[in-house]
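> Structural data only, the sequence is not supplied:
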């Protein structure tokens, strides 16, 4: 009796497995069929090859500094007695910004004046009231920056060193000012790399009306490394590669045709096509993975 029940359970299990496999197989067939239209055509999305202007850009995060930044030191030792000008205050050259108490027992010194060496904004005090301050090589009392223009320092990795050059256009962007673009230019590129990071420092000079860009903060920087006008370009999703050669599929007479192409500069959306395509050609931008030469395709009416 026990053997009979065991055999019966085994037969039921085998039948269940068989039915599961059949149902699963049917599901896969239906899934495969759903990826093709009636008649075996593969649905795809397409775009026309067109002429456009395209710019290649590199993106960095940079440190903002005043175009001129000077650390201010005292001429005599003492204690910081008074901040006549606070951080964020615009001061003129030679204006008194702080007083130093240099009084000693039995001596009646007057307070020493600390004057601004340049016109600009006091960006940071390093000393607080009552702190001891010393002439150079002691620490500075504060920093003054000319903020009418700022410099954004970026650091370029080895693979991109040859792409960033003096005179290129650049923009600075800050999350604090959504949609606002601060236009600038690459004003200097260091001649040698930092031996520790192996990166080159470049300076982006940016006009700063309203002093919105603050020294000591960060900005996102986009450097335009090259630009082409009125050139043929395709969406990046159209490009495929095989054995190191790039190609796209075009649609001709309702079928896919493989076209090997030579490409130029690219950005996050488009790639320049130097040869291999003509203006107005229809290229596949979705559904091209797994597509083959001569395969029938279906293009939505829209």
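Yep, it's here. Note that the structure is predicted; figures quoted are calculated from it, not measured.

> Please work out how many residues are found near the nearest residue to residue 229 once chain neighbours are set aside.
Nearest residue to residue 229, sequence neighbours excluded (Cβ to Cβ, 6 or more residues apart in numbering): residue 53, at 4.7 Å. (Each C-beta comes from the backbone N, C-alpha and C, glycine too.) The number of residues packed near residue 53 is 11, by other Cβ atoms under 10 Å.

> Pull the contacting residues for residue 53.
The contact partners of residue 53, by Cβ atoms under 8 Å, 6 or more residues apart in numbering, come to 227, 228, 229, 230, 231.

> for residue 64, same thing?
Residue 64 sits in contact with 150, 151, 152, 172, 213, 214, 215, 216, 217, 218, 219, where contact means Cβ under 8 Å, 6+ apart.

> Okay, buried residues for the helix or strand hosting it please.
Residue 64 belongs to strand 50-72 when elements are defined using DSSP states H and E. Counting neighbours by 16 or more other Cβ atoms under 10 Å, one finds that the buried residues in strand 50-72 are 54, 56-58, 60, 62, 64-70, 72.

> Return the distance of residue 104 relative to residue 112.
13 Å (Cβ to Cβ, to the nearest Å).

> which one of the two has more residues nearby?
Taking other Cβ under 10 Å, residue 104 and residue 112 do not tie; residue 112 has more neighbours (17 against 9).

> just checking, the more buried one touches residue 100?
Yes: with contact defined as Cβ atoms under 8 Å, residue 112 counts as touching residue 100 (4.2 Å).

> Could you name every residue contacting both of the two?
Common neighbours of residue 112 and residue 100 are listed as 74, 76, 78 (criterion: Cβ under 8 Å, 6+ apart).

> what about the helices in this structure?
Per DSSP state H, the chain carries helices over the ranges 2-34.

> just for it, where's the confidence low?
Within the chain, the stretches with pLDDT under 70 are 1-39, 105-106, 302.

> Mind checking which residue lies nearest the centre of this structure?
residue 59 (3.5 Å; Cα atoms, centre = their mean).

> From the structure, what's the count of residues near the residue nearest to it when sequence neighbours are not counted?
Distances taken as Cβ to Cβ, 6+ apart put residue 222 closest to residue 59, at 5.4 Å, once the chain neighbours are dropped. Counted by other Cβ under 10 Å, the residues lying close to residue 222 total 17.

> Quick check: the gap between residue 222 and residue 60.
Distance from residue 222 to residue 60, counting by Cβ to Cβ: 8 Å.

> ok, back up a step: just the buried residues of strand 50-72 now: which is nearest residue 177?
Among the buried residues of strand 50-72, residue 64 lies closest to residue 177 (Cβ to Cβ), at 12.7 Å.
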